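Chemist: The amino acid sequence is not available; the structure is as follows:
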Ligand SMILES: NC(=O)c1ccc[n+]([C@@H]2O[C@H](COP(=O)([O-])OP(=O)(O)OC[C@H]3O[C@@H](n4cnc5c(N)ncnc54)[C@H](O)[C@@H]3O)[C@@H](O)[C@H]2O)c1
């Protein structure tokens, strides 16, 4: 879709969510001034919605999200709401939204920037040049499976996948691989779980439509190890909801900080962009959170939803340039870094976007 008038729903959420979303909005503002018509509306989700309405997302907000061209989310959750029952907690707002909009494909790029090689806990020679994408199934599996329940004596959840859910996410994975290095690793636990046995069988069947892609399979435990041992082997990792959740947080550490990882959640009609990290209550309100992931969400949005790869590239370049100049939030600071606040790094990135954008 190439659009000249764009309608965005902004859901800052909780904790550091509002602080990092504010920086992304600075970038959006620059792009607006450059001639692209963007309307934004801001609404509540998560704990902020619980405090206001008693529930983590209202039907009206879900409707607004459905009507928007794209949704930009900060993060939800926090200690304040931890004692609530599971179905009333902030995280449920996001799960309901993903389900309501059928956002079944979560795309999480993991790219190690040369300027951040020293920020990772892993050795430079292992992570240099790492550039892969985790494609995670987002609306099925154990987070949604029924039956589920808990009493004082037992608790249970259901990992369930239907053939059509696996088929559609596999197609997304192969299509992304086609635009990259044409290598896809499907990750499962087919030696133990029936749901994974079906996953492997269906992925192999869909692969017949993508013969140009090299497909291999890994068990999730091995994959977790390989991401640390030799992450450059990966191009596209295709996996289910829970394995993707865990592997993408693990992968985040290759990049230096979870504050660097953006994600897109795509459905047949809608798209939502959010950082991989949560609401980071431990640093909320201190103006020290890394806003790069949220800003890179805007870059992903222009690429995936609006087909404006040049704007996307400009935003990514602006982030890289500011990091190359040595400006950092504390999570990615190195010995010679200039440590600056969330809002200051947001200002610098927005200013750099302005310098780099060609006149419309
Ligand atoms: N999509 C979401 O909204 C989402 C995702 C994961 C967790 N959560 C929720 O967030 C809350 C906190 O969860 P958690 O502590 O397990 O995970 P988290 O991702 O919020 O934080 C993990 C660690 O990473 C740090 N961190 C995260 N984002 C950062 C950033 N942008 N800059 C610098 N440091 C950053 C935090 O300070 C913390 O030390 C919980 O309520 C959880 O349910 C929400």
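Modeler: Sure, I can see it. From a predicted model like this one, the values you see are computed outputs, not experimental measurements.

Chemist: Can you report how many residues neighbour the closest residue to the ligand within the stretch 51-200 of the chain?
Modeler: Nearest residue of the stretch 51-200 of the chain to the ligand (C-beta to the nearest ligand atom) works out as residue 77 at 2.4 Å. C-betas here are computed from N, CA, C, even on glycine. A count of neighbours around residue 77, defined by other C-beta atoms under 10 Å, yields 23.

Chemist: That one: what's it in contact with?
Modeler: 13-15, 46-47, 89-91, 278-279, 281 (C-beta atoms under 8 Å, 6 or more residues apart in numbering).

Chemist: State the pLDDT value of it.
Modeler: For residue 77, the pLDDT comes out at 97.

Chemist: can you give me the strands in the stretch 151-300 of the chain?
Modeler: 155-156, 183-188, 214-219, 236-239, 262-266, 271-275 (DSSP state E, counting those that start in this stretch).

Chemist: Looking at these, spot the one closest to residue 162.
Modeler: strand 183-188 (15.2 Å; C-beta to C-beta).

Chemist: Just list what the lengthiest strand in the chain packs against, helices and strands only.
Modeler: Longest strand in the chain, counting residues (DSSP state E): strand 5-13. Applying 3 or more C-beta pairs under 8 Å, 6 or more residues apart in numbering; DSSP states H and E, we find strand 5-13 packed against helix 17-33, strand 37-42, helix 47-53, helix 59-67, strand 70-75.

Chemist: ok, and for the longest one, which residues are buried?
Modeler: This means helix 17-33. Buried residues in helix 17-33, defined by neighbour count with 16 or more other C-beta atoms under 10 Å: 17-28, 30-31.

Chemist: With stretch 210-229 instead?
Modeler: So, applying 16+ other C-beta under 10 Å, buried residues of stretch 210-229: 210, 213, 215, 217-220, 223-224, 226-227.

Chemist: Then stretch 165-179?
Modeler: Those would be 165-166, 168-170, 172-174, 176-177, for stretch 165-179 by 16+ other C-beta under 10 Å.

Chemist: domain ranges for the chain?
Modeler: For the chain, automatic domain parsing gives the domain ranges 1-103+263-360, 121-255.

Chemist: how far out from the middle of the chain is the longest one?
Modeler: To tie it back to what came earlier, the one meant is domain 1-103+263-360. 10 Å (C-alpha atoms, centre = their mean, to the nearest Å).

Chemist: What of stretch 189-196?
Modeler: 26 Å.

Chemist: For it, give me every contacting residue.
Modeler: By C-beta under 8 Å, 6+ apart, stretch 189-196 touches 141, 159-161, 188, 197, 199-200, 217, 219-221, 240, 243.

Chemist: now do stretch 5-15
Modeler: Contacts of stretch 5-15 (C-beta under 8 Å, 6+ apart): 18, 21-22, 25, 28, 36-48, 61, 64-65, 67-78, 90, 278-281, 284, 306.

Chemist: hang on, the earlier thing: considering only the buried residues of helix 17-33, which also neighbour the ligand?
Modeler: Filtering the buried residues of helix 17-33 for neighbours of the ligand using C-beta under 6 Å from any ligand atom leaves residue 20.

Chemist: Just the closest of the buried residues of helix 17-33 to residue 54, please.
Modeler: Among the buried residues of helix 17-33, and counting by C-beta to C-beta, the member closest to residue 54 is residue 17, at 19.5 Å.

Chemist: show me what contacts that closest one?
Modeler: 46, 73-76, 279.

Chemist: of all the residues you listed, which two lie farthest apart?
Modeler: Largest pairwise distance in the contacts of residue 17, by C-beta to C-beta, is 10.8 Å, between 73 and 279.

Chemist: what sits against the residue most central in space within the chain?
Modeler: Closest to where the C-alpha atoms of the chain average out (C-alpha atoms, centre = their mean) is residue 263, at 2.1 Å. Residue 263 is in contact with 106-108, 248, 273-276, 297, 300, counting by C-beta under 8 Å, 6+ apart.
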